[in-house]
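**Q** turn this into a structure:
(2 chains)
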Amino acid sequence: MLDALKDELLSQVNAAGDLAALEEVRVTALGKKGRITGFMKELGGLSPDERRERGQQLNALKDEISLAIDARKADLARAHLEARLKAERIDVTLPVRPETEGRIHPISQTIDEMVAIFAEMGFSVAEGPDVEDDFHNFTALNFPPGHPARDMHDTFYLPDAGDKKMLLRTHTSPVQVRTMLNKKPPIRVIAPGRTYRSDYDMTHTPMFHQIEGLVIDEATNMGHLKGCLIEFCRAFFDVDDLPLRFRPSFFPFTEPSAEVDIGCSRKGGELKLGNYGDWLEILGCGMVHPNVLEACGIDSTKYQGFAFGMGIERVAMLKYGIPDLRTFFEADLRWLKHYGFVPLDVPSMAQGLTR
Amino acid sequence: MKFTLSWLKDHLETDATLDQIVEKLTALGLEVEGVEDRSKELKPFRVAHVLSAEKHPDADKLRVLVVDTGTEKLQVVCGAPNARAGLKGVFAPEGAYIPGSDITLKKGVIRGVESNGMMCSERELKLSEEHNGIIELPDDAPVGVAYAEYAGLGDPVIDISLTPDRADCAGVRGIARDLAAAGLGTLKPLAAEPVKGAFPSPLGVAIEAPDACPMYVGRMFRGVKNGPSPKWLHDKLLAIGLRPISALVDITNYITFDLSRPLHAFDADKVKGGIVVRMAREGEVLPALNGKEYALDPSMTVIADHERAEALAGIIGGETSGCTETTTNVFLEAAIFDPVRTAQTGRKLGVESDARYRLERGVDPAAVIPGMERATRLILEICGGEASDLVVAGQEPEWRRTLTLRPGRVASLGGVDLPQEEQRRILTDLGCEIAGEDADGTLRVVPPSWRADIHGEADLVEEVLRVHGFDAIPATPLPRDSVLTRPALTTKQRRVGLAKRTLAVRGLSEAVTWSFMAGPVAELFGGVDAGLKLVNPISADLDVMRPSILGNLIQAAGRNADRGFADVGLFEVGPAFRKPTPDGQDIVAAGIRAGNAVPRHWAVKARGVDAFDAKADALAVLEAAGAPTANLQVTTDAPGWYHPGRSGVLRLGPTVMARFGEIHPMVLDTLGVKSPVVGFEVFLDTIPLPKKKGGTAKPLVQLSPFQPLERDFAFVVGQDVEADKLVRAAKGADKALVKEVAVFDVYQGTNVEEGKKSVALSVTLQPTERTLTDEEIEAVGQKIVAAVVKATGGSLRS
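**A** Model (predicted):
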């Protein structure tokens, strides 16, 4: 008889379509007025032996039904969740919420790359003002008044300040002067910054950037100058066998002076850097002129060293294949997006300079 | 400086090839800019004979020629006024590239008449600017011969870029001397035998301005015949792009390029009284040889006669006393003029000339008389006549100086050791005199008269190195004075990079704009000091130093919008200028946002940029740069280029660290940029540097084991009460327990009285010792309410 009940209850449990129906089955079977409960109540009227036997049977039935209900409950919950998840489907091909990614200008990135390389060679970064006077920009750098070399600079002038002729620095070399006036040797600095010349055409802009280098101590010679610049150029352009050619030249503030070319190829109108037999001028350098050392209060019989200067846009254009100088200053978002650098791409010698 | 290979060989005995010479020139510092082999370019052009010239049946100004090219007879249509039968000229067949007009010739039909080629002008062959007619060659020109060969243009032309120190190499002889010293041949001797004067010069020379002209040598020539130059001279000048004029003028040009010795020839019959070298008089005018008239002033040196200025010393001759075809009596000048005055006058008047190019670099003071003698021989040879005695005024300036070169100096400065004999050889070959050698090997060197640029030991080292070759200097690594290098950047410099990368992470792109600005734009941003207005701006748009970066960025936003990109985020970290002094510029991180902050999107509501976008940018920069952002006050006194009601200033005490807000609509209007645009300026220099007291350790962290709890309060306050006031009051109510106060709602409208607003605060309490009881929480709540009410005059919203 109990077997029939069990089958009946189990089939009811399995037939319950949702949690409410299942609860109803539970109450029918196990509730206060439930059928198993009803049989339990009848146990009192039985003999002790009969009662024990029947009691055990009833308890076993009760446990079995309870387990069945729990199992069914879990099945129903799973099915319910599945149905919910199915209903919650979204279109994951939709675009994300808008975020704009900014870019770092190639000039900043290039300066950071240069600083990373020169830092490895023990240089620190020096700075000076854009508005300079004639003394720091020319006189202390051994440009005699009226010298034709002053003419070559196309200087922007500001109104005189008393007896000082004010101007916009035409090169970063006045930072050499300021550094030497303020610091005793040994000196090893680079000075990147804005420079100005009154010239505006395909290949010139009235403002551009240069980086200056200065090393002063008791022993640095032209061999070191070559060594330093060869290391720099190869690291910067990421060409291990990049050849450099040093040609004698003239700058008032260095003696001997040199211009430096790097190896390239121009075949088919395409510029490629490397050991290809052709040459491209990239910087000027030399041993600091004794007159400059003396003008900056440094004993030229004891100290010597080298200086160099390089156009930042020019090497950035070469390295990154940027065709037109003038576009650097137009703040065209399309250009910045294309030639700019992602903000967390911070150049370092440990992580590399070129992506 | 241009010269031909054969001209170089006038002075240099050498077997070197053109390539070897070119390479060595560059290695010597005489950078070769180009080598032009005109015989290649002019290959198709031939000497041709015009057999007949008939009027074009259908055009008045055209003629139909039959031209004998040496191989065939061709019909050519020609528009030149001088095209006529019998003329010998230069013919270009179809298919020839015409260098002067950059076209390739095609067979054509001109007004119905077939034309098979072209008779050329000088300009078409790039010989000169002459284009009024076709080239006319002498009758004896051989028909069919390549024109380049006939004209002596088969000689490669080498163009070097001369550094301003090398006046000597503005003459072919100087270049030859350098090459000889570098082992590329031997320098040929130069004959400069003096010519004995046949008569005393009737014209005298007086130097009234000895500073401007230390030496003037003159010589009169009588009975000369000035005509076309002989072919060798004509061709030499033509080959380097100088137009032959007449024998007398050509000779002076030849000596100028050959020896870097400028000369000037006056028509002696037009010189009144005698030669006076003096400063120009106020108001004096010189009609010059180039057809222009120059207004002179007393800073300029002139060569005058007793009546008027006849030439600008060392720059250009005057029209009235210039030599012509009819000149028979000549006064030839060779002089030294002050390089600085020459350069200044040339610059002031805008005259470029071959004489100025050399004299402003400083010519050889010992070569005045030899140059005159060389020219004398040529004039007598070519033009005949007789020469007077020399007239010498002033004297050769002292140029001898003795420099020392220590034996080890080439190695210690130049980095390459050279035997003493080699150093001596190089210096001697360059023309230096070794006046002695000290016991320690120190050389006493007298540089030659033509090398005014050598005035110290470093110059001698350069000469030795240059000739020996910079390639021979071994590259040496810079020694490191410590194994690890120290940081290259100071804290301040590092902040610049942090500011840039922070802003870029926030979605702004970095711009680099001019440090200049248009004056009227600068006025919108507070104007500039008078000392920051350029004396010689490149354009009116760029005539002052910018007082703020914002103007440039706003204009850039406008340009981007014009290109169809209205949602713009740009920043720049760079200088803004206050005063024309070294400390008168500040490093500013400035940025703008324009258009939509959130564009139209399926998930979020679009919105325009507002002041809080700019405030967030400013705070992010300040935070990245290490400013104490939690302690900053916000005031509402931003300058006039911001919207007065929608802008703020972030300050620490009296120090303004940043400004932000909407850009004033009037400013946008003036700049033609659509609103809204918001901007910020952070003054990186004002951010205090960290005080490094206890090394690098940070203060110990305090982590409470008790849960923080949040309580919300809403207050009704006057609508002008700043939210910051409520926040500060709430924070101050219990400094130990109140950890944070956030504003989560600001409301005006239904249920809030007119003129008031409801501000809702969420206060975070952080117990530190034990969990708070309900009573304690209640007590803190009351303290907060009391403090806010007291500070604002508002009330708790019921």
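
**Q** surely B:Cys213 and B:Ala304 touch.
**A** No: the criterion here is CB atoms under 8 Å, and B:Cys213 misses it with B:Ala304 at 11.8 Å. Backbone N, C-alpha and C define where each C-beta goes, glycine included.

**Q** where is the longest helix in chain A?
**A** helix A:48-87 (DSSP state H).

**Q** next, the buried residues of that one.
**A** The neighbour-count criterion (16 or more other CB atoms under 10 Å in any protein chain shown) identifies A:54, A:58, A:61-62, A:65, A:68-69, A:72-73, A:76 as the buried residues of helix A:48-87.

**Q** one more: stretch B:726-743?
**A** For stretch B:726-743, by 16+ other CB under 10 Å, it's B:726-731, B:733-734, B:737-739, B:741.

**Q** same check on stretch A:166-181?
**A** For stretch A:166-181, the neighbour count (16+ other CB under 10 Å) marks A:166-180 as buried.

**Q** any idea how far whichever residue of the stretch 201-350 of chain B sits closest to chain A lies from B:Arg347?
**A** Using CB to the nearest CB, B:Val340 is the residue of the stretch 201-350 of chain B that sits closest to chain A, at 3.4 Å. Distance of B:Val340 to B:Arg347, given as CB to CB, to the nearest Å: 11 Å.

**Q** repeat that for B:Val721.
**A** The value you get for B:Val721 to B:Arg347, if CB to CB is used, is 67 Å.

**Q** do the same with A:Leu58
**A** The spacing between A:Leu58 and B:Arg347, counted by CB to CB, is 122 Å.

**Q** in space, what's closest to the closest residue to chain A within the stretch 1-150 of chain B - neighbours in sequence excluded?
**A** Chain A sits closest to B:Gly29 of the stretch 1-150 of chain B, with a gap of 3.0 Å, by CB to the nearest CB. Leaving out its chain neighbours, the residue that sits closest to B:Gly29 by CB to CB, 6 or more residues apart in numbering or on different chains is A:Pro248, at 3.0 Å.

**Q** can I assume that neighbour sits in a strand?
**A** Yes: counting by DSSP: H, G, I helix; E, B strand; the rest coil, one finds A:Pro248 located in a strand.

**Q** I'd assumed B:Glu462 was in contact with it.
**A** Yes: contact status for A:Pro248 versus B:Glu462: in contact at 7.0 Å, counting by CB under 8 Å.

**Q** joint contacts of these two?
**A** Shared contacts of A:Pro248 and B:Glu462 (CB atoms under 8 Å, 6 or more residues apart in numbering or on different chains): A:256-257.

**Q** looking at the two, which is more packed in?
**A** B:Glu462 (29 against 23; other CB atoms under 10 Å in any protein chain shown).

**Q** relative to B:Ile454, how far out is that one?
**A** Applying CB to CB, the value for B:Glu462 to B:Ile454 is 8 Å.

**Q** tell me the first helix or strand C-terminal of the lowest-mean-pLDDT helix or strand in chain A.
**A** Lowest by mean pLDDT, DSSP states H and E among the helices and strands of chain A is helix A:148-151, with a mean of 65. Using DSSP states H and E, the helix or strand that follows helix A:148-151 in sequence is strand A:166-168.

**Q** so what touches the helix or strand following that following strand?
**A** Per DSSP H and E, the first helix or strand lying C-terminal to strand A:166-168 is helix A:174-182. Applying CB under 8 Å, 6+ apart, the external contacts of helix A:174-182 come out as A:126-128, A:132, A:135-137, A:140-141, A:187, A:189, A:191, A:193, A:212, A:214, A:216, A:253, A:288, A:292-293, A:295-298, A:307.

**Q** before we move on, back to that, let me know the closest of the buried residues of stretch A:166-181 to chain B.
**A** A:Met166 (5.4 Å).

**Q** which pLDDT value goes with that closest one?
**A** pLDDT for A:Met166: 94.

**Q** skipping its backbone neighbours, what lies nearest it in space?
**A** In space, and not counting its chain neighbours, A:Met166 is closest to A:Leu158: 4.1 Å by CB to CB, 6+ apart.

**Q** my read: the one you found touches B:Asp529, true?
**A** No: under the criterion of CB under 8 Å, A:Leu158 makes no contact with B:Asp529, lying 9.6 Å away.

**Q** tell me the domain boundaries of the chain?
**A** Going with chain A. What automatic domain parsing lists as the domains of chain A is A:2-87, A:107-339.

**Q** try chain B instead
**A** Taking automatic domain parsing as the reference, chain B has its domains at B:2-37+B:156-187, B:40-150, B:205-394, B:408-471, B:491-686, B:709-796.

**Q** mean pLDDT added to these, as TSV?
**A** Below are those laid out as TSV (pLDDT from 0 to 100):
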stretch	mean pLDDT
domain B:2-37+B:156-187	93
domain B:40-150	88
domain B:205-394	93
domain B:408-471	95
domain B:491-686	96
domain B:709-796	93
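
**Q** can you check which of the ones you listed gets nearest to A:Glu99?
**A** domain B:491-686 (6.8 Å; CB to CB).

**Q** hmm, back to that, what about the residue of the stretch 201-350 of chain B closest to chain A, which helix or strand?
**A** helix B:339-349.

**Q** who are the packing partners of that helix?
**A** Here helix B:339-349 touches helix A:148-151, strand B:301-304, helix B:354-359, going by 3 or more CB pairs under 8 Å, 6 or more residues apart in numbering or on different chains; DSSP states H and E.

**Q** can you tell me what sits against the longest one?
**A** When you say that, I think you mean helix B:354-359. Outside of helix B:354-359, the residues within contact range by CB under 8 Å, 6+ apart are B:167, B:170-171, B:253, B:256-257, B:260-262, B:264, B:314-316, B:336-337, B:339, B:342-343, B:346.
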